[in-house]
Structures are given as C-alpha cells and as structure tokens.
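Q: The sequence and its predicted three-dimensional model are supplied below.
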2 protein chains.
Amino acid sequence: MSQVKQFDVEKESVKLLEWLGEFGKDPAGGISRLLYTHEWIEAQRGLENLMKEEGFQVQFDEIGNLFGRLEGSKYKDETILTGSHVDTVMNAGHYDGQLGIIAGIVALKYLKETYGQPLRNIEVVAMAEEEGSRFPYAFWGSKNIVGTAKRSEVEDIADFNGVSFVEAMRAAGFDFRDETKELRKDVKAFIELHAEQGGVLEIEQIPIGIVGHIVGQRRYTIEINGEANHAGTTPMGYRQDAMTAASRMIVAINDIALKHGDPLVATVGKVEVTPNVVNVVPGKVIFTIDCRHTHKDQLVQATEEIESALKQIAEQINVELNIDLWMDADPVPMDERIVNLIKEQCDKNGLKYKLMHSGAGHDSQILADFAPTAMLFVPSHKGISHNPAEFTEPKDLAEGVKALIGALYELGYKEELF
Amino acid sequence: MSQVKQFDVEKESVKLLEWLGEFGKDPAGGISRLLYTHEWIEAQRGLENLMKEEGFQVQFDEIGNLFGRLEGSKYKDETILTGSHVDTVMNAGHYDGQLGIIAGIVALKYLKETYGQPLRNIEVVAMAEEEGSRFPYAFWGSKNIVGTAKRSEVEDIADFNGVSFVEAMRAAGFDFRDETKELRKDVKAFIELHAEQGGVLEIEQIPIGIVGHIVGQRRYTIEINGEANHAGTTPMGYRQDAMTAASRMIVAINDIALKHGDPLVATVGKVEVTPNVVNVVPGKVIFTIDCRHTHKDQLVQATEEIESALKQIAEQINVELNIDLWMDADPVPMDERIVNLIKEQCDKNGLKYKLMHSGAGHDSQILADFAPTAMLFVPSHKGISHNPAEFTEPKDLAEGVKALIGALYELGYKEELF
C-alpha cells in the first residue's frame, strides 16, 4: 500500500468526475441525469466504454445496473463490490452518487496496475437509480441487486410528464429482472464511497469518515386544529391558536432533541398555516417531524417523548391533535469486520479518519441485508448537497479513494476474507 | 322611551336586513358587494328609494355616500349622524356594515313615528366603502366625509381585473369630492352600530356592547435567516434553524401577551418557511405580528418587550433577524359624553350592556377626529365575521337598535346636546 500515490489518485479522480459530470450537464445548473433518460443512457454507455478501455469485464443487468469486473485468479465465485448510483436529482452537484462510481473505477485501475490480478473478483457498479427523482420510487438499482424491487411497485407509476416507468425502462433498452432467476451469491462485501452531505468532516478537518451506522428515520405529519378567529376581537383567553400550539410543540421537539444529544436529530422542516393571514388567529397548522438516530431503541424513545409532549401541549392549549407516523425505517448497522478492516488500513497508511454515522439514506442500507457492507465518506463543503455548489476538496477526495483502495486490496488480494 | 316596542324593531330590522342582503347576493355564498360595482349601485339606489319612501330627505355626496335626513325643527345646522358602510368583502355575511345602515333607518323611522320631528337633524348614512376589498384602499367613504381622502391616493390604483378606481367611480356616476369645498360643520355626533366580529358578547350573554376605545394596532413582518441544512446529516449543534428560532419567538410573543392580559392581543397569523421541505432544516422563516391595545403607552410597551425578546432569541440561536414595523395606528377613544349618554339610556330602559373596546377597525375611528363619535356592538355568533355564516340573534339585534334609538332620541330631541 505504500505505493499508493496521492498525485495519481487525485488527478485521475478529479479528471473522471469532470468527465462523468458532462453527461446530463444542465443549462440551468449542475447535472440532471434522471433514470432512463437520454442523459442517463449516455452516461451508462460512457462508463461502459471507459470500463472496457480499462480492461474490466463489463456487463449490464436486466434493469440497467452496470458492472465492471477485475476477475479474480483464485476465488472466482467471490466478489468484492464497490460503487454507487449514476442517477442524480435535478440540478445535482458533481459528487453525490457519481463519486462512488469514479472512486471504484480509479481504485480498480490502481489495484490492477499496482498489484495485477486479485485473488477474488473486484467489481465496480454504477447503479441505475437511488434518488427517486424521476419516478416516485427510490433505490431501484440496489433493490434489483438484492431482489427486493417488485414489478408491481413500479408498474403503475409515471414521471411528471406522464411517461410510465415501464415505458421509459423499455425505451432505454432495459426490462424487469427475471424474478425466477437466482440472485447473485458471489458478493462477499460491498463498500460505497460517498460525499458526506453534511458539514461534520469539514468542520472537524478530517478527510475520511468511516460509517458505523446508517440512521433510522421516523417521519411524522402533525395536524393541529384550533379555531380561526379575528386577531383583534378575540381576547387571548378565548383563543384556540393552532400556531401558538405548533410553536410550543416545535420548541418541545427541539428541546428533546438537544437533551438527547448526538446522534439524535429532529427537524421540523415543513409548516403550513391556515388561513395564513396577518389578522386572523390561525385555525389550523400542519407540520412535519423528521427524527433520526443510529439506534432503534433510542429513536423510539425520543419519538415517544416527542409524541407525549405534543399531546400534553395540545391538551393545555385545547386544540385537536392528529399524529401520523408515515415513515418508520430502522437504522442499518455497517459490517463491523469491514469497518475494522478499513480502520486498520487507514491507520497503517496514515490516513486520518473519523468514525461516524450516516444521517442520510444510501444504497448501502439496501445492500447491507444482502452482503457485508460498509461506507466511506469524504467531506462536503458546508454540507451542501443536491445542489450544483456541492464540493469536495480534491486532496480530501483522494484520501477517501486511497482508503477505498486499501480496503479493496485487503479484501481482494489476501487469502483470508476478513 | 317606554314606547319602544321590541316586536316592531326586531321584525322591521330583520326584514330590512334580508331585503338589503339581496343586493349582491353571491351564488358562491353570502354577499359580494364591492365598491362601485353593479351590485353596489343597485344597493345604494335601493336604499335611496327606501329612505324616500320613509319620508327622509335624501342625497348622495360626490363620491357616493348616501344620506337620509329627518330634518330638525329648531337646530337646523346641527346634525346627529348614524350609519355604517354599504360595501362588503367578497362572500360577506348579512351584518358587517349593512346592519349599521338598517339600524339607522329603523331608528329614524321609529323616532319619526313615535316622537315626530326632532329638534336637530338626525341622519342615517350608507357610506360608500370601508373594507378595501375591491381596491387597495380602505375607508373611502368615511375619509371623504372627514376630508382626509386624497385624489392622489386612488388615482393609480386598480382592481383585480385591472379596472382603475377612477374609471369605476365615474362609471357608477360619481366623482372626486371637490376639495376646495368646505367640509360639513353640522355633524355634532356620530354613532355606529356594528356587529362585534368577536365572541365576547355571546360568551358573556350580553346583547349590547358600548365601545370605549377602538384599539391601536402595530403590525410587523419578522424575517429570520438561518441556514438551510440536510435534516439527517447536520447535528443539532451545527444548525442555524430558522423555524426553531421562529417557534421560540412565537412562544415568547404569546407569553408576553398572556402576561399583559386584556385588552392586549398579539397574533402571529402568517408564517412562511423556506424551503419548507420535510428533510431540510429551514433556512428562512418570515412571520407577521399583529398587536393591539386600547392605550398607546401599553401597546408601545408590549411591542418593545416583544422586539427585545425576539432579538435575544435570535442572538441565542445565532440567526439573523429583521424586524419591520409597517403599521402603527394609534388607539382611538370614543367620545365620553356620548358613551355616558348611551349608558344612561340603557340603564333607564333596562338594556343590558358591556363596556368594551373594539379590536377591529371601523368607520368610527375615521369619524372620531371629525365629530364626537361612539359605537354600539351587538353579538356575533361564535365571533364569525367576513363569512356567510355571520349571525346575530334577532332579539339581540333589536336590543342594539333600541339602544341606538335611545341615544339618538337624547341627542336629537332634547334641547341640551350632551
């Protein structure tokens, strides 16, 4: 591993990221590369050619996930997988998703040039879809790898132009996975490198994050019904003010989150007031709660505290309260063995890292049930994500790719797996 | 006054209210009778005919205020005025504005039939406009009586269909007041009967409110700038959450209002969150404050406390705060002599009343600078206003008209004024 040259890794990664960013470059800013669009097809074909030029064995699966393989010399039914998703949100930045693919390509190229053929297959995957930005369905790529995507779930959905999912998929030259066919059994590990999409690494000036858990999420919609009244003629004591109730609830939610401390986060991101007029006491407020934690028991405990505080406030202010829990996703722990292996590699190679969690969802959470999985983060400037201003310093990015190279080397070139 | 028969007054008032409510009856519900529209013209012409039939001397002023006079036998240059506005909001109820006109007509009719000619002129006015619902200008009727409406203020305004104010006024057959002409000097008192537009009288089961003050109002727009961040990847300690800041501020505003107690009211009616998405920490919140009190010093004191609390919270949470005070209207006291005269009349006639303030704005606040002014309220069912469901019990309404009759009698038929 002493042969890993920062110069090469950094230059190569930045060059390829820029190249891939040209596919779907949006005149309105950033990259718009939605599933099965022309831009998406061009990007996957471009990656296919690049992988072929690098001497990887290349293949698409039925739905459009693209795999490039460095074949193993000894354990041909064991594969170490890396990569991320090729699709983007509208007006995306250059890092979310495509960084994980480029990091995988650079890593495989580097390993091949430096160490020759591995013992196990090492593969990079450009997954078809993760964002859910064109169709109301997310993780289409990874869910097809692990076999949890169902035909029935996408058969009736369409994009904002009314183009059906199935029509778009077939026009792009792909089709449903043959559900009678067995799933892959050769994947022995998956590592995804991704931009942090938060500001922690930058603030703490650490180039690499090793993810221990992907947080679980609970999302709620809270509806408060009071009574709309004239702001001048209704004395304070005669009011059932839904906005005052909501404000006291939001303060309580914030206080509970602060009391629990990291890694708990609770966010009231959306608030809708009715009638929303300067001189009318609000009769109705709807707001959302997004609460996340790396451990289920603590996520449940915090949200139970929140629910109970909300009920108490509603009772005090005499407003009707409706609590709708509409998303309840468990936290996903990363594979400890790979996490430890990455840590050891980083220590050995003098790479500075922080053990952290992922507060956002990733393909890794889908793959974690299917194969031992881990994630690497690199810093996001100011935590900016899903925005053309997304940025990771090239030198930090190179540190992340080096960590990935070290891990893939350990997993692909050593006799012992873990 | 013992001759005032509840039966007649009640029946006559209800009948005429229903009759007037037919002008501008909206198929979508309630009454829509905006300034200088066909419906508005028909209503004023209808009232003109009705007043003529009752034997009143009728005349329009230049801009369309309609006056019906019971001429005095002795003090011909002294007039006691009553009435309210004939225009409505869109989809209005049957009471706001038109009740004050009908009450005046019923009162004049009753006084004439019962006591004959008064010593002073008693007039009922159907003022052209108060609501500001068609054009962005309110109190057009009363401001023309007192001479504060200026040509320049309406010359460049238009309705939602692009029809200019001046064009609409001239099409209705009216024009600007001749500003070189002297204002009326004969108005010695003005009394407006109006629906409360609040729930106090109904809750306290009192049919008549005698208004002591019309509240002053301060209205603010508060802008909070924090930082929009990912709801999952931004630890609580790294946030500048504009919604949490806004919520703490709204709670503080509510606490300050509750601490001050009646008649202070403070309302946050409008809240706009940006970007207003479930999984993004809000970067920006704009909200309004509407604060009212009957006494200026206390209004100023409460709003200063509020401003100071807001600044303190903004500093604690590290968000930018912008406080914009865009309305600062002083309270308007009613004329004590007329208030006392009404009280005495009610006491003498066994009418149950409550001394209270008006939390809403009315023509009376414009007229108060011009002539000794007072207001009478009747209950609004559930405080509902500006809505087809607006309702006052006929028996309560009759009590209000009886109080008005008593006051007009004292002012119009007695040698001594006050």
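A: Thanks, I have it.

Q: looking at this, A:V125 is in a helix?
A: No - according to DSSP: H, G, I helix; E, B strand; the rest coil, the state of A:V125 is strand, so it is not within a helix.

Q: Pull the contacting residues for it.
A: The neighbourhood of A:V125, defined by Cβ atoms under 8 Å, 6 or more residues apart in numbering or on different chains, consists of A:65-68, A:81-84, A:101, A:104, A:145. In this view, the C-beta of every residue, glycine as well, is placed from N, C-alpha and C.

Q: quick one: which of these has the most company?
A: A:G83 (31 neighbours; other Cβ atoms under 10 Å in any protein chain shown).

Q: For A:Q3, give me the pLDDT.
A: According to the predicted model, the pLDDT of A:Q3 comes to 50.

Q: same thing with A:Q6?
A: Spelled out, the predicted local distance difference test score at A:Q6 is 51.

Q: Any idea how many residues pack against A:A92?
A: A:A92: 27 surrounding residues under other Cβ under 10 Å.

Q: measure it to A:V86 for me?
A: Per Cβ to Cβ, to the nearest Å, A:A92 is found 11 Å from A:V86.

Q: again, but for A:R292
A: Using Cβ to Cβ, A:R292 is found at 26 Å from A:V86.

Q: With A:D255 instead?
A: 42 Å.

Q: now do A:C346
A: Applying Cβ to Cβ, the value for A:C346 to A:V86 is 27 Å.

Q: And for A:P207?
A: 24 Å.

Q: Same check on A:L355?
A: Here A:L355 is placed at a distance of 29 Å from A:V86 (Cβ to Cβ).

Q: Identify the spatial nearest neighbour of A:R184, chain neighbours not counted.
A: Distance criterion Cβ to Cβ, 6 or more residues apart in numbering or on different chains; nearest residue to A:R184, sequence neighbours excluded, is A:I145 at 7.2 Å.

Q: okay, now A:N322: neighbour count?
A: If you count neighbours by other Cβ under 10 Å, A:N322 ends up with 11.

Q: Can you tell me how far the closest residue to it other than its chain neighbours is from A:V281?
A: Beyond its immediate neighbours in the sequence, the residue positioned closest to A:N322 (Cβ to Cβ, 6+ apart) is A:E223, lying 4.1 Å away. The span separating A:E223 from A:V281 equals 17 Å under the rule Cβ to Cβ.

Q: and those two? which has more neighbours close in?
A: Set side by side, A:E223 and A:V281 give different neighbour counts by other Cβ under 10 Å, the larger being at A:V281 (29 against 17).

Q: who touches the nearest residue to that one once chain neighbours are set aside in this structure?
A: With sequence-adjacent residues excluded and distances taken as Cβ to Cβ, 6+ apart, A:V281 is closest to A:N229, at 4.3 Å. When the contact criterion is Cβ under 8 Å, 6+ apart, the partners of A:N229 are A:238-240, A:280-281, A:283, B:198-199, B:383.

Q: Does anything pack onto the host helix or strand of A:L341? Which helices or strands?
A: Assigned by DSSP states H and E, A:L341 belongs to helix A:336-348. With contacts defined as 3 or more Cβ pairs under 8 Å, 6 or more residues apart in numbering or on different chains; DSSP states H and E, the secondary structure elements packing on helix A:336-348 are strand A:187-195, strand A:208-214, strand A:353-358, strand A:373-378, helix A:394-413.

Q: For those, give me CSV that also has mean neighbour count, mean pLDDT and distance to chain B.
A: Converted to CSV, those look like this (neighbours: other Cβ atoms under 10 Å in any protein chain shown; pLDDT from 0 to 100; distance: least, Cβ to the nearest Cβ, whole Å):
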stretch, mean neighbour count, mean pLDDT, distance to chain B
strand A:187-195, 27, 98, 10
strand A:208-214, 24, 98, 9
strand A:353-358, 21, 97, 7
strand A:373-378, 28, 98, 9
helix A:394-413, 24, 97, 16
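
Q: Can you lay out the ones you listed as TSV showing distance to A:A128?
A: Written out in TSV, the entries for these read as follows (distance: least, Cβ to Cβ, whole Å):
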stretch	distance to A:A128
strand A:187-195	15
strand A:208-214	20
strand A:353-358	21
strand A:373-378	18
helix A:394-413	21
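
Q: and B:S247, which of the ones you listed is closest to it?
A: strand A:353-358 (26.7 Å; Cβ to Cβ).

Q: Please state the offset of the closest one from the chain centre?
A: Strand A:353-358 has its C-alpha centroid displaced from the chain centroid by 15 Å (Cα atoms, centre = their mean, to the nearest Å).

Q: What pairs with it, parallel or antiparallel?
A: Strands that pair with strand A:353-358, judged by DSSP bridges, come out as strand A:208-214 (parallel).

Q: Now do the strand it pairs with and strand A:187-195, the angle between them.
A: Here the directions of strand A:208-214 and strand A:187-195 differ by 120 degrees (axes from the mean of the first three to the mean of the last three Cα atoms, to 10 degrees).

Q: A:L35: what's it in contact with?
A: With contacts defined as Cβ under 8 Å, 6+ apart, A:L35 is in contact with A:87, A:128-129, A:133-135, A:140, A:168.
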